[in-house]
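> Quick check, what structure comes out for this input:
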Amino acid sequence: MQMAKRRPNVLIFMTDHQRYDMAPPFNACLTPNLDALAQQSVMFTNMRCPSPHCCPSRATFFSGLYPSAHGVWNNVNVGNTLSRGLARGVRLWSEDLAQGGYKLFFSGKWHVSNEEGPQQRGFECVYHTARYTGVQPSDLARVPDCREWHSAYSADNICDLSAPREPAEIQRPGYPRYKLYGINENPFGDREVIAASVRHISERLPGIDEPWLFYVGNLGPHDPYFVPQRFLDMYDLESIRLPANYRDSLRDKPALYRRTQALFNQLSDVEQRDALRHYMAFCTYEDYLFGQLVDALKAAGLYDDTIIIYCSDHGDYAGAHGLWAKGLPCFKEAYRVPFIVRMPGRTAPLEVRDRASLADFAPTVLDMAGVPHDGRFAGRSLAPYLRGEPVLNAPRYSFTQTNGNEVYGIQRSIESDDWKYVFNSFDYDELYDMRNDPLELNNLAADPRYQHVVRDMVAELWRFAKANSDTYIDPYIMTALMPYGPGIIGDELFE
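Numbering: from 1, shown residues only. The predicted model follows:
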């Protein structure tokens, strides 16, 4: 009698703030461990996050839903957040896997809910990153106040313009001092996350009879870009070149974009090149840590039977448009992320250029694990790509949803191969010709020659809103600010 084939193990490594081109096949920085893995992997090079913000994107990754449906619009652990956790009734793929016979383990950054931790969603916790673990309900009972910021406002840490600006420093009078980059031998404590994870792989996983999934979440390469010296030394400052759209004046874009850029304009071109050098070094450091996980799998005899996924929650402008970190400016550098899947038995690389979303991960991981699901997801399964099957009807559009990174402003976007339209409730909109202006430099939203394009894109946004419970359909005169309302999709609105 033939033995039933064991279902695959899964290792997920998620970084924080990693731009799509800081990974194979683009190779803007040094990633030797990821390069080796990519030779046996499927690389989704047009993967998008739903929001350039940690919690909304992570909630989408775990739920398969967009923010309008899972309810996490902002980072859940700050006082002025719009939500503390997932909407009632939202189910995560981890719960399906646990119910389907998988053993689930979690190490590192959670940052999905401040009302519960991963252990309430089917995981056994191996190691928690401080501040991102979920909290006890009693902590949520208090009214938010300024105490959460007190530790940053010590007397010796307040910016004083009477003192000269230091290299890498961005001066903000009355705010805590901030350096965009520097040296730290253990940034964000990621080394402890990996050490605990390697021990778990070596000591615990080989003895488990059931199939398992192990999620490891690091905080790097999040800003500020403080990295170990030896990784910085891998990059020559003179060889660093800033992005081609670095000098965008943003004059035809929302004022908030320019206001944000003005902070970074304090830095000289040399400092901004040095910031990019540190960011690239940070990505190389994360690759080094990832390599330790892969080596541990091999040493434990688990590598051949394990699906390995390398991804990030969102990107980083990293100098594009003169910006750093992430926020409301709706540029692709903040939304496109690496997503690399190594399948057991695969011996050659494959690049998939079709549009994909982090919302696609939930149905994908369940399909690959052989666990049935109820089709509740906004995303589609990417399993056919991983199995080498033909894929028909790839998505024409990518969509994003944000209500602001604690600087609130409703923003929605839609992008096709030809056009990108951004609705900004707080300022004028954006329209880019992606064929002729892939750097997103020339905003055509106000050009009367392209109003038919705006109308078509807005109609698709409303269709997406209806399908994903996005309640930004209020017809009140002071809030109905899209150039065309949902009525333009006709009877579809009522179906």
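> and stretch 385-399, which residues are buried?
385, 386, 397, 398, 399 (16 or more other C-beta atoms under 10 Å). No exception for glycine: its C-beta is placed from N, CA and C like everyone else's.
> after the helix or strand that residue 262 is a member of, next one along is what?
According to DSSP states H and E, residue 262 maps onto helix 255-264. Using DSSP H and E, the next helix or strand after helix 255-264 towards the C-terminus is helix 269-299.
> I'd like the average pLDDT over that following helix.
Mean pLDDT, helix 269-299: 99.
> Same check on stretch 11-22?
98.
> and which of the buried residues of stretch 385-399 is nearest to residue 268?
Taking C-beta to C-beta as the measure, residue 268 sits nearest to residue 398 out of the buried residues of stretch 385-399, at 34.9 Å.
> where's residue 168 relative to residue 260, distance?
Using C-beta to C-beta, to the nearest Å, we find residue 168 at a distance of 18 Å from residue 260.
> what about the stretch 1-150 of the chain, any weak spots by pLDDT?
The stretch 1-150 of the chain contains residues with pLDDT under 70 at 1-4, 130-150.
> which among the buried residues of stretch 385-399 gets closest to residue 345?
residue 386 (11.1 Å).
> does the closest one really touch residue 44, like I thought?
No: the pair residue 386 / residue 44 is not scored as a contact, 9.8 Å apart, by C-beta atoms under 8 Å.
> Pull up the overlap in contacts between those two.
residue 341 (C-beta atoms under 8 Å, 6 or more residues apart in numbering).
> Comparing residue 168 and residue 260, which shows the higher neighbour count?
With neighbours defined as other C-beta atoms under 10 Å, residue 168 and residue 260 compare such that residue 260 has more, 22 against 19.
> Show the contacting residues for the more buried one.
Applying C-beta under 8 Å, 6+ apart, the residues contacting residue 260 are 323, 327, 328, 329.
> Next one, pLDDT for the second one please.
If I follow you right, that is residue 327. So, for residue 327, pLDDT stands at 93.
> ok so it is a helix residue?
No: going by DSSP: H, G, I helix; E, B strand; the rest coil, the assignment for residue 327 is coil, not a helix.
> Which residue comes closest to it once chain neighbours are left out?
Distances taken as C-beta to C-beta, 6 or more residues apart in numbering place residue 405 nearest to residue 327, at 5.0 Å, with adjacent residues excluded.
> Could you measure from the one you found over to residue 335?
Residue 405 is 13 Å from residue 335, by C-beta to C-beta.
> what touches both of these two?
In contact with both residue 405 and residue 335: residue 52, using C-beta under 8 Å, 6+ apart.
> Neighbour count for those two, which is higher?
residue 335 (24 against 20).
> Quote the end-to-end distance of stretch 229-244.
End-to-end distance for stretch 229-244: 28 Å, by C-alpha to C-alpha, to the nearest Å.
> Check which residues of it are buried.
For stretch 229-244, by 16+ other C-beta under 10 Å, it's 231, 232, 235, 240, 242, 243.
> Also stretch 265-284?
Buried, per 16+ other C-beta under 10 Å, within stretch 265-284: 267, 271-284.
> and if you look at stretch 356-371?
So, applying 16+ other C-beta under 10 Å, buried residues of stretch 356-371: 356-369, 371.
> Next, the distance between the ends of that stretch.
21 Å.
> again, but for stretch 430-439
Note: stretch 430-439 ends 13 Å apart using C-alpha to C-alpha.
> cool, stretch 378-393 as well?
For stretch 378-393, the end-to-end distance is 16 Å (C-alpha to C-alpha).
> Do you have the helices of the stretch 301-450 of the chain handy? List them.
332-335, 361-369, 383-387 (DSSP state H, counting those that start in this stretch).
> Please name whichever of these is nearest to residue 349.
Nearest to residue 349, of all these, is helix 383-387, at 12.7 Å by C-beta to C-beta.
> The closest one: how far from the chain's middle?
On the basis of C-alpha atoms, centre = their mean, to the nearest Å, helix 383-387 sits 22 Å off its chain's mean C-alpha point.
> tell me the domain boundaries of the protein?
Split into domains by automatic domain parsing, the chain comes to 9-138+184-387, 416-494.
> Tell me which of those domains sits most buried.
domain 9-138+184-387 (a mean of 20; mean count of other C-beta atoms under 10 Å).
> Determine how far the last residue of that one lies from the first.
16 Å.
> just stretch 371-386 next, same as before
16 Å.
> now it: mean pLDDT?
95.
> what's the answer for stretch 242-258, then?
pLDDT averaged over stretch 242-258 gives 98.
> That one: end-to-end distance?
Stretch 242-258 end-to-end distance (C-alpha to C-alpha) = 18 Å.
> List the contacts of that stretch.
By C-beta under 8 Å, 6+ apart, the list of residues contacting stretch 242-258 reads 261, 269, 272-273, 276, 318-323, 328-329, 333, 407, 409, 424, 426-428, 430, 439-443.
> if you set the cut-off to 6 Å instead, what comes out?
261, 273, 319-322, 328-329, 424, 427, 439, 441, 443 (C-beta atoms under 6 Å, 6 or more residues apart in numbering).
> what separates that stretch from the chain centre, distance-wise?
Distance, centroid of stretch 242-258 to centroid of chain: 22 Å (C-alpha atoms, centre = their mean).
> next one: stretch 349-364
For stretch 349-364 - counting by C-alpha atoms, centre = their mean - the centre lies 14 Å from the chain centre.
> Distance check, residue 344 against residue 366.
If you measure residue 344 against residue 366 using C-beta to C-beta, the figure is 18 Å.
> circling back to that earlier point, and the contacts of stretch 242-258 as a markdown table, adding distance to residue 205?
Supplementary listing: these in a markdown table, determined by distance: C-beta to C-beta, whole Å:
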| residue | distance to residue 205 |
| --- | --- |
| 261 | 46 |
| 273 | 42 |
| 319 | 40 |
| 320 | 40 |
| 321 | 43 |
| 322 | 45 |
| 328 | 41 |
| 329 | 42 |
| 424 | 47 |
| 427 | 50 |
| 439 | 45 |
| 441 | 49 |
| 443 | 51 |
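> ok, the residues you listed vs residue 174, which is closest?
Using C-beta to C-beta as the measure, the one of those that approaches residue 174 most closely is residue 261, at 20.4 Å.
> My understanding was that the closest one contacts residue 324; is that so?
No: applying C-beta atoms under 6 Å as the test, residue 261 and residue 324 come out as separate, 9.4 Å apart.
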